[in-house]
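In: Below: sequence and its predicted model.
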Amino acid sequence: MVIANLISYVLVLTGALNWGLFGIFNFNLVSAIFQGPRAVGAIIVYSLIALAAIWLIISPIITNGALKLRGDRVVRDESKA
């Protein structure tokens, strides 16, 4: 789940950067990379960004309010050994 959260954050930040560039400079980075806003690659990227955003909304609900970005660490108590 940690990997899914990290990938989702990267995708959502990519989407936010694209929206920022589009809003400020009228430049769509994703459509520039794929030579058009309706190219197959652009549609795939937009869909992945949307799914990542949905995952970041649903993930805390699944984990009772915790959005984990690091794995659980097991601390060994040497005094008990």
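Out: Arrived safely, thanks for sending. In this text, all values refer to a predicted model and were calculated from it rather than measured experimentally.
In: all helices for the chain, in order.
Out: The residue ranges that make up the helices of the chain, judged by DSSP state H, are 2-25, 29-33, 40-62.
In: Determine the angle, from 0 to 180 degrees, between the first one and helix 40-62.
Out: Put simply, helix 2-25 runs at 120 degrees to helix 40-62, going by axes from the mean of the first three to the mean of the last three C-alpha atoms, to 10 degrees.
In: and helix 2-25, what does it pack onto?
Out: The criterion is 3 or more C-beta pairs under 8 Å, 6 or more residues apart in numbering; DSSP states H and E, and the helices and strands that helix 2-25 contacts are helix 29-33, helix 40-62. To be clear about C-beta, it is placed using only N, CA and C from the backbone, and glycine gets the same treatment.
In: how about low-confidence regions in the chain?
Out: When the per-residue scores of the chain are filtered using pLDDT under 70, the ranges that remain are 72-81.
In: if we can go back for a sec, with respect to burial, which of the helices of the chain scores highest?
Out: Among these, helix 29-33 has the highest mean neighbour count (mean count of other C-beta atoms under 10 Å), at a mean of 17.
In: Chain neighbours aside, what residue packs nearest to L67?
Out: Taking C-beta to C-beta, 6 or more residues apart in numbering, and ignoring the residues beside it in sequence, L67 has P60 as its nearest neighbour in space, at 4.9 Å.
In: From G15, how far out is the one you found?
Out: P60 sits 19 Å away from G15, taking C-beta to C-beta, to the nearest Å as the criterion.
In: again, but for Y46
Out: Y46 sits 8 Å away from G15, going by C-beta to C-beta.
In: Backbone torsions only: list them for N64.
Out: Recorded main-chain torsions at N64 are phi 60, psi 50, according to degrees, to the nearest 10.
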